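Participant: Sequence first, predicted coordinates after that:
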Amino acid sequence: MLDYTLVSTRATYRMLQQSDIAAFLALVTRCHAAGPHSLPTPQECILATFRELQRNKDRGTLFVFEREQALVGYSILVTTWSNRLGGIVLSIDELHIDPRLPDTDLAADFLTLIAKVAPTEVCTIQVHVDAKDRRARDACRKIGFKDAGQAVLLMKPVRD
């Protein structure tokens, strides 16, 4: 869906390439370990996401954030249709910045750019923020995101 490179003064945001896989896996592992839930994601799941989005570009995009030729963050964007909104919703499934990187507002920079270049069929961008992560919520609100009024996200796995 979004298959191009975005450039700002803070970073270059581009599609993940095969040559990035080793660095990307290390980045995802660091980001997930530092996250609020600290749940490891099996590498096979991460690779399955990459393969799926490579094969089915209309389902989403996997961006990596690059500064000084090093991967410092990533975001997985997926699309769904919303009956209530009457259009395509671009969901930020994951957005992580390397926890070793000083706070540089990369997340806000990326989200601002995505909002500017979103395809015309996208009616809304949504981002899931951990309820305890006040800094992330405040950063999203600062660039125009609003509380959707959904207090809880419930999930039920259908396979192991």
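Facilitator: Thanks, I have it. These figures come from a predicted structure and were not determined experimentally. Residues are numbered from 1 along each chain as shown.

Participant: which parts of stretch 110-126 are buried?
Facilitator: 110-111, 113-114, 118, 122, 125 (16 or more other CB atoms under 10 Å). The C-beta positions use only the backbone N, C-alpha and C, and glycine is treated the same way.

Participant: Also stretch 80-99?
Facilitator: Neighbour count says stretch 80-99 has 88-92, 94-98 buried, by 16+ other CB under 10 Å.

Participant: farthest-separated two in those?
Facilitator: 88 and 98 (29.9 Å; CB to CB).

Participant: Spell out the residue ranges of the strands in the chain.
Facilitator: Assigned strands in the chain, in chain order: 6-7, 12-15, 60-67, 70-82, 87-97, 122-127 (criterion: DSSP state E).

Participant: With mean pLDDT and distance to residue 40 added, can I get those in JSON lines?
Facilitator: Shown next, in JSON lines, are the strands of the chain (pLDDT from 0 to 100; distance: least, CB to CB, whole Å):
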{"stretch": "strand 6-7", "mean pLDDT": "94", "distance to residue 40": "29"}
{"stretch": "strand 12-15", "mean pLDDT": "96", "distance to residue 40": "25"}
{"stretch": "strand 60-67", "mean pLDDT": "95", "distance to residue 40": "19"}
{"stretch": "strand 70-82", "mean pLDDT": "94", "distance to residue 40": "16"}
{"stretch": "strand 87-97", "mean pLDDT": "92", "distance to residue 40": "14"}
{"stretch": "strand 122-127", "mean pLDDT": "93", "distance to residue 40": "23"}
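
Participant: Check the buried residues of stretch 110-126 and tell me the two furthest apart.
Facilitator: 110 and 122 (15.4 Å).

Participant: which ones are touching the residue nearest to residue 27 when sequence neighbours are not counted?
Facilitator: Ranked by CB to CB, 6 or more residues apart in numbering and with sequence neighbours excluded, the top spatial neighbour of residue 27 is residue 71, at 5.3 Å. By CB atoms under 8 Å, 6 or more residues apart in numbering, the residues touching residue 71 are 20, 23-24, 27, 64-65, 98.
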